[in-house]
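J.: Sequence and predicted structure are below.
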Amino acid sequence: MADAAHTPYDAVFYPGLAYDYTHPDRLATIASLNGLESAPAPRCRVLELGCGAGSNLIPMAFQYPDSEFVGIDLSNSTVDKGVEEIADLGLKNITLRAADIMDVDASYGAFDYIIAHGVYSWVPEPVREKVLEIFRDNLTPRGVAYVSYNSYPGSHLRNLTRDIMLNHVHGIEDMGERVAQARGILKFVAEASAKDSAYGVVLRHQFERVQKMRDEVLFHDDLLEGAASFLLRDVVRSAEQHGLQYLSDATFARSDWGHHSDEVSAVLERLCDNVVEWHQYLDFIEGHGFRRTLLCRADIDLERSADPERIKRYRLATSAKPVDPGMDPAAEGVASFRAPTGATLSTDHRLSKAALLHLGECWPRPVGFADLLDGAIRRLGPAADSLNLADEGQALAGLLLRAANGGHIAIHLSPPQLTVDLSERPKASLLARRQVVTSPVVTNQQHRTVMLEGDVVRRFLRLVDGTRTVDDLVTDLRQALADAEPGPDGPETPLEPVSRESVEKNLRLLAQMGLLVA
């Protein structure tokens, strides 16, 4: 093997993650909301362009053994890392290849889902055209393609600071020096700018963003020469030239005007003749700088219906909790529910209040509409006796659909196999238990990244393998901590004594993090 690095990603490893926006259940669910019935996630074929070490694709393959996954990446050393992890996990339904996107052809076959995350903005124009050609030529007739990219208008602000950093680090190749110099010059310029100017505010905000980025991510995402940004409409026009059409954004909340005033919504309704214009103006209003766009074949007749009946086929989940913990759903008046993101959802509809309360207490387990309706009725108690369930159920469905469009509720066609109930012998995800051996970052059942702080927590997760009762976990965790080699700062001690109560508490925390399997 040559000594010289083949790509910048061979020289500096890019720390990939699992991206829930790209998950086949997410793609299938959003497609179905727009009238496209694509392949079910448990039985599908997925291709990822620019897969890195498989951090996004491997958890999918682990979750869906009857589906097939193929990933390609130009970096040989990065692919080698992924191939090694696949072998360690014993997965037979995933293949990673060190290959050029330009070489993908008909021999790869057809895929139900094709993912290009973090690629489109960072490759030359011919490769961008090839990505769209692959979508056209390698998608199944009802397949869905995902492409993410830096987008305007938000990227204008990012590019402003990129230009400052790139001007300063020109000619510096060493990653550590390049990143340090980039941060240093941006800090100097931001602090030297006028405090009361719009320009100075932007610089300081961008410096805060850059400060929070991992060195490797900053090196590749912001300090790579030639990275490009696009308007949504221009990406869609390019896609249309390849026989594709805009399906949706991969983020539910990006299709909702509900958080804008009636006056703003009325103007936008007059301005926008189609969904692409609608979403483009959303970018203009909110300043989005990164897009996650879904495409499908142009010959698909989409049906963008707002019929509340649609929500009844999905399983629903939300972590939103009532602002007033003592809220009585049967009482008159408005109740507000707040998600960890700070977003709030308010309603005075009693059945809906009871349903949201039920979903919050079931989190993260998704609940079907019929079970949700039953749970809400039980929570209302005698107050439910006077309800016209046909009309009230429709009102609930309408609220849930609006909440899903606004990003307040997650919906699933093929929900993750997780539980909030503590069984006699609780079991955490095998994938997470394998990942935590070498890293504090694990992937949960919702295809999201979870950071497990502290050696005690990581040791505990590895013990929750489905063979131990709660009492066994108490005994074995105590023994594991006693046998552990002390770190540089001495042995780590739990925040609280290892007891049955503390073990049950931490099992419930694992459940809330989506790490316990049904």
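T.: Structure received. It should be emphasised that the depicted structure is a prediction, and the values quoted were computed from it without experimental measurement.

J.: May I have the beta-bridge partners of residue 48?
T.: Assessed by DSSP bridges, residue 48 has beta-bridge partners residue 71, residue 115.

J.: Show the contacting residues for it.
T.: Residue 48 is in contact with 22, 56, 57, 69, 70, 71, 72, 114, 115, 116, 117, counting by C-beta atoms under 8 Å, 6 or more residues apart in numbering. C-betas here are computed from N, CA, C, even on glycine.

J.: low-scoring stretches of this structure, by residue?
T.: 1-6, 253-259, 486-495 (pLDDT under 70).

J.: again, 50 this time
T.: 1-5 (pLDDT under 50).

J.: domain assignment for the chain?
T.: 8-152+231-297, 154-221, 310-412, 430-512 (automatic domain parsing).

J.: related to what we said a few turns ago, using JSON lines, lay out the contacts of residue 48 together with distance to residue 371 and neighbour count.
T.: Shown next, in JSON lines, are those (distance: C-beta to C-beta, whole Å; neighbours: other C-beta atoms under 10 Å):
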{"residue": "22", "distance to residue 371": "28", "neighbour count": "22"}
{"residue": "56", "distance to residue 371": "31", "neighbour count": "26"}
{"residue": "57", "distance to residue 371": "32", "neighbour count": "26"}
{"residue": "69", "distance to residue 371": "31", "neighbour count": "28"}
{"residue": "70", "distance to residue 371": "36", "neighbour count": "23"}
{"residue": "71", "distance to residue 371": "36", "neighbour count": "26"}
{"residue": "72", "distance to residue 371": "41", "neighbour count": "20"}
{"residue": "114", "distance to residue 371": "34", "neighbour count": "27"}
{"residue": "115", "distance to residue 371": "32", "neighbour count": "29"}
{"residue": "116", "distance to residue 371": "37", "neighbour count": "25"}
{"residue": "117", "distance to residue 371": "34", "neighbour count": "22"}
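
J.: Adding distance to residue 423, write the domains of the chain out as CSV.
T.: Converted to CSV, those look like this (distance: least, C-beta to C-beta, whole Å):
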stretch, distance to residue 423
domain 8-152+231-297, 20
domain 154-221, 37
domain 310-412, 13
domain 430-512, 8
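
J.: Tell me the buried residues in stretch 216-226?
T.: Residues 217, 218, 219, 220, 221, 222, 223 are the ones in stretch 216-226 that count as buried (16 or more other C-beta atoms under 10 Å).

J.: quick one: which of those residues is nearest residue 505?
T.: residue 217 (34.0 Å; C-beta to C-beta).

J.: didn't the closest one look like it was pressed against residue 13?
T.: No - between residue 217 and residue 13 there is no contact under C-beta atoms under 8 Å: 10.9 Å.

J.: could you pull out the helices for the stretch 1-150 of the chain?
T.: 8-11, 24-33, 57-63, 76-89, 125-138 (DSSP state H, counting those that start in this stretch).

J.: can you tell me which of the ones you listed comes nearest to residue 341?
T.: Of all the helices of the stretch 1-150 of the chain, helix 24-33 sits nearest to residue 341, with 17.4 Å by C-beta to C-beta.

J.: Could you name the helices and strands sitting against the closest one?
T.: Here helix 24-33 touches strand 111-116, strand 139-151, strand 244-249, strand 290-297, strand 410-412, going by 3 or more C-beta pairs under 8 Å, 6 or more residues apart in numbering; DSSP states H and E.

J.: most tightly surrounded among those?
T.: The highest mean neighbour count among the helices and strands packed on helix 24-33, using mean count of other C-beta atoms under 10 Å, belongs to strand 111-116: a mean of 26.

J.: how big is the angle separating that one from helix 24-33?
T.: Per axes from the mean of the first three to the mean of the last three C-alpha atoms, to 10 degrees, the angle that strand 111-116 makes with helix 24-33 is 110 degrees.

J.: Fine by me, we can end here.
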